[in-house]
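Q: predicted model follows, preceded by the sequence.
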Number of protein chains: 4
Amino acid sequence: MDSIAELRARLRDFAQERDWGRFHTPKNLAMALSGEAGELIAELQWLDETAVADGLAQGALKGRLEDEAADVLLYLVQFAEASGIDLVEAAHAKIDRNESRYPAHLAHGTAAKQADLHSPPEA
Amino acid sequence: MDSIAELRARLRDFAQERDWGRFHTPKNLAMALSGEAGELIAELQWLDETAVADGLAQGALKGRLEDEAADVLLYLVQFAEASGIDLVEAAHAKIDRNESRYPAHLAHGTAAKQADLHSPPEA
Amino acid sequence: MDSIAELRARLRDFAQERDWGRFHTPKNLAMALSGEAGELIAELQWLDETAVADGLAQGALKGRLEDEAADVLLYLVQFAEASGIDLVEAAHAKIDRNESRYPAHLAHGTAAKQADLHSPPEA
Amino acid sequence: MDSIAELRARLRDFAQERDWGRFHTPKNLAMALSGEAGELIAELQWLDETAVADGLAQGALKGRLEDEAADVLLYLVQFAEASGIDLVEAAHAKIDRNESRYPAHLAHGTAAKQADLHSPPEA
């Protein structure tokens, strides 16, 4: 079974068994997603790249990041479900668009490109 | 092919062809993810639940939410890749934990439960 | 003494006495700010407007929101300091611009306006 | 006049003249604040600390950061107003608490301290 479909099914059962569906509006789930993205970023805010790499190698940081990344995914899947959005289809459509917007031969990591990158490639 | 695995492969190629891998550190990708979660939430901030439902039915809002939800997923997949995290495994582990923490027969949507819910179920 | 200036002075001393200035780069402080905004939003995610009003009246929610709003302000002041930004001047400049962009006689809360409001007035 | 009080007064008039007060619930304003924090972070996500410093010195990045930092402050002031929170008092109370939690002679930036700092000082 596909991984996203399987998570969606488990989450649907989980919420249904607890009668939590009524809290799960698109707006509330977007807030929950944003809150979890905040927790993820809080794990990294005082660490430079070397400290992040060390923390990932030692395991303690990795476990926390796994936990927060999982939360983001779980709320994202539930947000898509509540909004009638096909997440995987939307993601492929976005990559398609990015391939047009950023042709590989032009976007190849030049200094000029870096200047543009204050706006994210996917934005 | 599994949906997450397929997105991961496409994103890896996309970044490689543009030499953008050097920007894709865990810290930078967590920031990008958080920025996209912010864009998602900005789409919903002035709308009440009825306006959200109307906007989803009419299509214009839905397209924007698909776009932002896709961005969140794409950065999340890349964050997990850069951090050596198995996103799907972490998500199942999290649901397992939540099933222990919130037994269905106790958590069944009571008024008392709502009071607790200032902290998200998954937090 | 002006309130922002006073907070800035206290925070500068606080960081200096602990030698934490080296963690306080613009990038790290923007992450910390975003993490705190996430904590603020997490307090409200499962509550409808009535439950928020009740929670604010009873005091428990209010204390948590005061705490999170304070964190956002403290990191924002430190971010501005680290970036050489005059926060109050920037805020007045932004209100000036918004007054031009949203003339009161045109923007007066019509249904048409509401449709535009998927993008925030200040965005 | 105090800077925060002055911004609060201008924002109150601004919203009143446009009849936007009805959108300005604590929940909606917390979302708007979070969205703006996301825009701020998006400005910095692909830049390393050197690139941030260069961008601040040249001015183009600085203008964008001023703009986003101003948006965060404006929504924070409005959030506090809508929630009946005294932002400056809450901020001083938070610094007081942090002074107890992180005594200067113990917290003085050691390597051990850095390990703790995955959680932000103010969290």
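A: Okay, I see it.
Q: tell me what the longest helix anywhere in chain A is packed against?
A: Determined from DSSP state H, the single longest helix within chain A is helix A:60-83. Secondary-structure packing of helix A:60-83 (3 or more CB pairs under 8 Å, 6 or more residues apart in numbering or on different chains; DSSP states H and E): helix A:3-18, helix A:26-42, helix A:49-58, helix A:87-101, helix B:26-42, helix B:60-83, helix B:87-101. Where C-beta positions appear, they are placed from N, C-alpha and C, glycine not excepted.
Q: ok, is the last one in contact with chain A or not?
A: Yes. Contact between helix B:87-101 and chain A, assessed by CB under 8 Å from any CB of the partner chain, occurs at B:87, B:88, B:90, B:91, B:92, B:93, B:94, B:95, B:98, B:99.
Q: name the next helix or strand following that helix along the chain.
A: helix B:104-107 (DSSP states H and E).
Q: what sits against the closest residue to residue A:87 other than its chain neighbours?
A: In this structure, residue A:87 finds its nearest non-sequential neighbour in residue A:80, 4.2 Å apart by CB to CB, 6 or more residues apart in numbering or on different chains. Neighbouring residues of residue A:80 by CB atoms under 8 Å, 6 or more residues apart in numbering or on different chains: A:86, A:87, A:90, B:69.
Q: confidence score at the second one?
A: On the pLDDT scale, residue A:87 is placed at 97.
Q: pop the domain breakdown of chain A in here.
A: Following automatic domain parsing, one finds the domains of chain A at A:4-85, A:88-117.
Q: just the terminal-to-terminal distance for the longest one.
A: According to CA to CA, to the nearest Å, domain A:4-85 extends 13 Å from its N-terminal end residue to its C-terminal end residue.
Q: quick one: it to chain centroid distance?
A: Computed by CA atoms, centre = their mean, to the nearest Å, the chain-centroid distance of domain A:4-85 equals 8 Å.
Q: quick one on the thing from earlier: show me what counts as buried in the longest helix of chain A.
A: A:61-62, A:64-83 (16 or more other CB atoms under 10 Å in any protein chain shown).
Q: returning to that earlier point: so for residue C:53, which of the domains of chain A sits nearest?
A: domain A:4-85 (16.5 Å; CB to CB).
Q: please convert the helices and strands packed on helix A:60-83 to CSV, extending it with distance to residue D:27.
A: Formatted as CSV, these follow (distance: least, CB to CB, whole Å):
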stretch, distance to residue D:27
helix A:3-18, 21
helix A:26-42, 8
helix A:49-58, 33
helix A:87-101, 25
helix B:26-42, 11
helix B:60-83, 18
helix B:87-101, 24
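Q: not counting its neighbours along the chain, what's nearest residue A:79?
A: Going by CB to CB, 6+ apart, residue A:79 has residue A:29 as its nearest residue, at 4.1 Å.
Q: scratch that, residue A:94 is what I was asking about
A: residue B:70 (4.0 Å).
Q: the one you found contacts residue A:96, doesn't it?
A: No. Between residue B:70 and residue A:96 there is no contact under CB atoms under 8 Å: 10.5 Å.
Q: shaky segments in chain A?
A: A:109-123 (pLDDT under 70).
Q: chain C contacts on that one?
A: So chain A meets chain C at A:23, A:28, A:31-32, A:34-39, A:41-42, A:44-46 (CB under 8 Å from any CB).
Q: identify, from the contacts of residue A:80, the entry nearest to chain D.
A: When the contacts of residue A:80 are compared for distance to chain D (CB to the nearest CB), residue B:69 comes out closest, at 14.2 Å.
Q: and the closest one, how far from residue B:54?
A: Per CB to CB, to the nearest Å, residue B:69 is found 19 Å from residue B:54.
Q: of the residues of chain A next to chain C, just the buried ones, PyMOL syntax please.
A: Selecting only the buried entries of the residues of chain A next to chain C in PyMOL, with 16+ other CB under 10 Å as the criterion:
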select buried, chain A and resi 23+28+31+32+34+35+36+37+38+39+41+42+44+45+46
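Q: considering only the residues of chain A next to chain C, which also neighbour chain D?
A: A:31, A:34, A:38, A:41, A:42, A:44, A:45, A:46.
Q: okay, those in TSV with distance to residue A:6 next?
A: As requested, these are arranged in TSV below (distance: CB to CB, whole Å):
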residue	distance to residue A:6
A:31	25
A:34	25
A:38	27
A:41	27
A:42	29
A:44	29
A:45	33
A:46	36
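Q: quick one: which of those is nearest chain C?
A: Among these, and counting by CB to the nearest CB, the member closest to chain C is residue A:38, at 1.6 Å.
Q: count the neighbours of the residue nearest to residue A:79 for me.
A: 26 (other CB atoms under 10 Å in any protein chain shown).
Q: list the contacts for it?
A: A:75, A:78, A:79, A:82.
Q: for the first one, give its distance to residue A:37.
A: The gap separating residue A:75 from residue A:37 is 9 Å, by CB to CB.
Q: and residue A:46, by the same measure?
A: 17 Å.
Q: max pairwise distance over the contacts of residue A:80: which two?
A: The span of these, defined through CB to CB, is set by A:86 and B:69 at 9.7 Å.
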